[in-house]
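Engineer: with the sequence up front, the predicted model follows.
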Amino acid sequence: SMEEGVAIITSAPTKTRSNDTEYPYRQNSDFYYLCGFNEDNSILVLIKTHEFTKTILFVEAHNEIHALWNGARLGVDGALKRFSVDEVHESAEYAGMIKELLREHINLYIDLYNASPRLIEAKTAAEALQSMRGVKRHIRSIRDVTHLIRTLRLIKSELEIAHIRKALTITAEAHHIAMQKCRVGMKEYQLQAAMSYVFLNSGAMSEAYGAIVAGGNNANTLHYVDNRDELREGDLVLIDAACEWELYASDITRTFPINGKFSEAQKEVYEKVLDVQLRVIDAIKPNVKRDWLQSYSEELLCDALIELGILVGERNALIEAKEHKKYAPHGIGHWMGLDVHDPCPYVDEAGESLAFEAGMVMTIEPGLYFRADDESVHERYRGIGIRIEDNILVTESGYENLSAMIAKRVEEIEAMCQL
Ligand code: GLY
Ligand code: MN
Ligand code: MN
């Protein structure tokens with residue numbers, strides 16, 4: 001994807017949680033995508049000329065004190081054996097080597113929005129070279145590398161899809177356990193705990209994002225992560241929770257009745273959201289544009305709101321006036337991969353919406369949200385918030401719902417709740 005030049009991609013920094021304790025380490029997804037190395041303070045350098053390409057990884061040296069307290073690092077020899085890069089050097093050598101490299105190549109590719117000291121160092125050195133006269137070959141332009149990497153990340157390989165499938169196998173079990181264990185009077189965090197147990201017990205060491213376990217009206221707060229309320233008789237619970245496998249995300253939402261049986265009003269709304277979800281998923285195939293899918297989903301959600309008697313009027317006029325947004329405020333879905341919201345492009349170079357291609361993975365997650373205090377909604381629907389989210393792989397012939405094994409139809413959910 002590069003023209004002639006040098007690309008520098010840095011590992012994620014470690015982050016302090018409080019005083020002298022750290023958050024669990026999470027690698028920079030772009031860095032991990034390119035080389036799979038999972039240690040901090042490492043740097044990947046890619047060189048491309050007309051004659052050759054070369055990959056250099058800079059890693060922290062083995063260090064006895066670090067080994068004692070935090071565990072052994074792979075070190076230069078270990079990294080050279082394990083990873084398919086051309087050269088490995090100690091991170092301490094980076095500053096000296098990079099100055100040489102910048103003198104020889106004409107484009108520098110970095111993450112322009114990343115304030116990593118290693119990148120600032122390279123950028124400053126490149127800018128200094130740019131202002132010098134009489135130097136024959138050196139960096140002439142400083143460009144963004146993330147767009148190139150994230151365009152590659154759009155199309156998942158077989159191995160990446162296998163990791164997502166594995167994450168989903170575990171996430172499926174966790175959602176089913178939550179449906180089985182849920183009882184009136186439990187706390188939201190107790191359902192979260194049951195799911196976390198499944199994640200860890202299966203070797204998925206991290207959630208892909210902070211779990212949302214939202215009983216009743218809490219479901220109407222889209223990013224509710226407090227998870228401390230009681231689960232009450234007659235309410236639904238919306239759970240948006242999923243694990244990561246080998247750094248690949250899954251992202252699943254299910255909404256089910258706390259007492260195991262949908263009320264008539266809950267069922268009416270649930271069936272509408274489910275119908276929208278199934279129809280949107282069914283429209284996915286290569287060459288369909290993502291923007292079109294978004295508009296299509298808004299039409300279907302608006303129709304649902306009209307059928308429920310919540311919106312009154314002609315559909316297109318209602319959409320034009322954004323009336324549906326009050327009850328369906330978020331988008332239909334997002335790319336998913338190494339990041340739960342994979343930062344891959346949504347538009348092409350011309351600014352046109354991207355068309356689906358085999359190997360892309362997108363969530364489809366319609367929702368309808370009726371706040372308990374919203375008097376524009378019939379009383380019977382107030383306090384109901386429903387989202388249903390699956391992870392869809394685009395295939396040559398259409399799509400595959402990678403999370404199809406997770407209970408979703410009313411009868412399937414009620415049966416799962418009885419187990
Ligand atoms: N779990 C975050 C999302 O659904 O986008
Ligand atoms: Mn989600
Ligand atoms: Mn999502």
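Structural biologist: It's in. Fair warning: this is a prediction, and the values are worked out from it, not measured in the lab. Numbers count the residues shown, from 1 in each chain. Ligands and ions are numbered 1, 2, ... in the order given.

Engineer: confirm that Gly331 sits in a strand.
Structural biologist: No - counting by DSSP: H, G, I helix; E, B strand; the rest coil, one finds Gly331 to be coil, located in no strand.

Engineer: contacting residues around it?
Structural biologist: Gly331 makes contact with Gln294, according to C-beta atoms under 8 Å, 6 or more residues apart in numbering. (Each C-beta comes from the backbone N, C-alpha and C, glycine too.)

Engineer: for it, give its distance to ligand 1.
Structural biologist: The gap separating Gly331 from ligand 1 is 9 Å, by C-beta to the nearest ligand atom, to the nearest Å.

Engineer: which residues of the stretch 251-400 of the chain fall in helices?
Structural biologist: For the stretch 251-400 of the chain, the helices defined by DSSP state H, counting those that start in this stretch occupy 264-282, 290-307, 315-320.

Engineer: could you export the last one as PDB, CA atoms only?
Structural biologist: Extracted as PDB, the C-alpha positions of helix 315-320 are listed here (Å, rounded to 0.1, in the frame of the first residue of the first chain):
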ATOM      1  CA  ARG A 315     -42.800   7.500   6.700                       C
ATOM      2  CA  ASN A 316     -40.500   9.600   4.400                       C
ATOM      3  CA  ALA A 317     -41.700  12.800   5.900                       C
ATOM      4  CA  LEU A 318     -41.100  11.500   9.400                       C
ATOM      5  CA  ILE A 319     -37.500  10.400   8.400                       C
ATOM      6  CA  GLU A 320     -36.900  13.700   6.800                       C
END
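
Engineer: what part of this protein, helix or strand, is modelled with the least confidence?
Structural biologist: In the chain, no helix or strand scores lower on mean pLDDT, DSSP states H and E than helix 117-130, which sits at a mean of 85.

Engineer: which positions in that one come out as buried?
Structural biologist: Buried residues in helix 117-130, counted by 16 or more other C-beta atoms under 10 Å: Arg118, Leu119, Ala122, Lys123, Ala125, Ala126, Leu129.

Engineer: quick one: list the elements packing against that helix.
Structural biologist: Judged by 3 or more C-beta pairs under 8 Å, 6 or more residues apart in numbering; DSSP states H and E, helix 117-130 is in contact with strand 5-10, helix 94-104, strand 107-110, strand 141-144.

Engineer: the inter-axis angle of the longest one versus strand 5-10?
Structural biologist: Right, helix 94-104. Orientation check (axes from the mean of the first three to the mean of the last three C-alpha atoms, to 10 degrees): helix 94-104 against strand 5-10 gives 160 degrees.

Engineer: ok, Ala67 - how many residues close by?
Structural biologist: By the criterion of other C-beta atoms under 10 Å, Ala67 has 12 neighbours.

Engineer: cool, Pro329 as well?
Structural biologist: 12.

Engineer: ok and the residue in the stretch 201-350 of the chain nearest ligand 3?
Structural biologist: Distances between the stretch 201-350 of the chain and ligand 3 by C-beta to the ion are smallest at Asp251, namely 4.2 Å.
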